[in-house]
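S.K.: Got a predicted structure here, sequence first:
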Amino acid sequence: MKLCELANRLNCTVIGSDELEITGVAGIEHAGPSELTFVANPKYASKARLSRAGAILVKQPIEGLQAACVISKDPYLDFARALALFYTAPVPPRGIHPTAVVDETATVGAEASIGAYCVIGPHAVVGDRAMLHPHVVLYEGAVVGDDFLAHSHSCVREFCRVGNRVILQNGVVVGGDGFGFAKRADGSHFKIVQSGITVVEDDVEIQALSAVDRATVGETRIRRGAKIDNLVQVGHACEVGEDNIICAQAGLAGSSHLGKSVLLAGQSGLSGHLKINDNAVIYAQAGIGGDVPAGALMAGSPGFDAITWRRAVAAFPKLPDMVRTLREMQQRLAALEAASGNPGSPEGLAASESEKRED
């Protein structure tokens, strides 16, 4: 694809030769003379000058750059769009594989692809152009929408509902039992029936080995556009808001409610029965035990304001020296008091001032 054509498709402009043939995209350190790369942060301009790339997506022209500049409002986003133009994932054939087991009461939409050893239970519904890779299981009454994509060993449990253009990566479980047990008098545990469902709205992606539990009653809901990383636990009756980003190993205890565009960084945890309001950011490994205001930045465990947390973290390595200094001051004060006999008397105060002058 010529650079001028690529730029037009990305709605960008080119400074330099726009007749260059672009064969693919690559990182800035590995791109070759026929490849496109990007610089999203100006501090990497020096790397751009050393890059062998034929063209570089940038916000503003970079001086001393031999490669053609492709001017973009958002180089990172446009790089992602360019990558989608050059990479085509394998597409399995349409139809139902002979080894798949599809219940006679199930409904499979037009142009769907049902891979080897898939199981589709009674009264399940598969949308148009859905793609189920080998070993995907849809339990009884499960519904998945149009252009649904499920990778091997993912599972949608009974009566759960999944919207259009949803992607489940390998090993995802939608609608597994919530973790609910009532303790008997003898200390044993009685399992609480998890009679609710999980609902996943349109344009959600859930990545490998993550679990979204069904509710005890009612529903667990993942709202439109949310993106959930690997190894995430979403507990029963949670609500994940629109366009949320939930990073790897985060955990949401039951009845956590997240507003729009919330970001939970890796290994962060919510104690449950709380609300994280719109546009809040929870730092990595933070532990949140209460409601979080809209737009807040939270860090630490237990979580508190991230700006204060950064100051505290900066002070933390200095604590041993601060403790040593405090002990030395206490020892000197004790010595002064012992020497004066009465630290509060004029003689004692005079002795203290004399000691200070000698120091």
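M.R.: The structure has been received and is ready for your questions.
S.K.: okay, now the domains of this protein?
M.R.: According to automatic domain parsing, the chain comprises the domains 3-86, 95-309, 318-358.
S.K.: ends of the longest one, how far apart?
M.R.: By that I understand domain 95-309. Terminal residues of domain 95-309 lie 55 Å apart, using CA to CA, to the nearest Å.
S.K.: and what of the first one?
M.R.: By CA to CA, the extent of domain 3-86 from end to end equals 13 Å.
S.K.: I'd like the mean pLDDT over it, please.
M.R.: When pLDDT is averaged along domain 3-86, the result is 93.
S.K.: what separates that domain from the chain centre, distance-wise?
M.R.: The chain centre lies 27 Å from the centre of domain 3-86; the measure is CA atoms, centre = their mean, to the nearest Å.
S.K.: and the domains of the chain, which is most packed in?
M.R.: Neighbour counts (mean count of other CB atoms under 10 Å) averaged over each of the domains of the chain peak at domain 95-309, with a mean of 19. All C-beta atoms are positioned from the backbone trio N, CA, C, and that covers glycine.
S.K.: low-scoring stretches of this protein, by residue?
M.R.: Along the chain, segments meeting pLDDT under 70 span 342-359.
S.K.: center of it - which residue?
M.R.: residue 247 (2.4 Å; CA atoms, centre = their mean).
S.K.: And it, how close does it get to residue 94?
M.R.: Applying CB to CB, to the nearest Å, the value for residue 247 to residue 94 is 35 Å.
S.K.: quick one: residue 283 and residue 264, what's the gap?
M.R.: 9 Å.
S.K.: Now do the helix or strand containing residue 45: which elements does it pack against?
M.R.: In this assignment (DSSP states H and E), residue 45 forms part of helix 45-50. Packing contacts for helix 45-50, counted by 3 or more CB pairs under 8 Å, 6 or more residues apart in numbering; DSSP states H and E, involve no helix or strand.
S.K.: Beyond that helix, next helix or strand please.
M.R.: strand 55-58.
S.K.: Show me what that next one is in contact with.
M.R.: 3, 12, 14, 16, 20, 22, 28, 35-39, 48, 62, 65, 67-72, 75, 78-79, 82 (CB atoms under 8 Å, 6 or more residues apart in numbering).
S.K.: Helices along this structure, start to end?
M.R.: Remark: helices assigned in the chain by DSSP state H are 3-10, 45-50, 75-86, 306-315, 319-340, 346-358.
S.K.: Make JSON lines from these and add distance to residue 277 to it.
M.R.: Shown next, in JSON lines, are these (distance: least, CB to CB, whole Å):
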{"stretch": "helix 3-10", "distance to residue 277": "35"}
{"stretch": "helix 45-50", "distance to residue 277": "37"}
{"stretch": "helix 75-86", "distance to residue 277": "26"}
{"stretch": "helix 306-315", "distance to residue 277": "15"}
{"stretch": "helix 319-340", "distance to residue 277": "34"}
{"stretch": "helix 346-358", "distance to residue 277": "53"}
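S.K.: how about those, which one is nearest residue 194?
M.R.: For residue 194, the closest of the helices of the chain is helix 306-315, at 35.4 Å, according to CB to CB.
S.K.: Next, the angle helix 319-340 makes with the closest one.
M.R.: 70 degrees (axes from the mean of the first three to the mean of the last three CA atoms, to 10 degrees).
S.K.: Packing partners of helix 306-315?
M.R.: strand 297-299.
S.K.: Please give the centre-to-centre distance between the strand it packs on and its chain.
M.R.: 15 Å.
S.K.: Neighbouring strands of it in the sheet, and parallel or not?
M.R.: In the sheet, strand 297-299 lines up against strand 281-282 (parallel), strand 304-305 (antiparallel) (DSSP bridges).
S.K.: So what touches it?
M.R.: Against strand 297-299 from outside (CB under 8 Å, 6+ apart): 280-283, 286, 288, 292, 304-307, 309-310.
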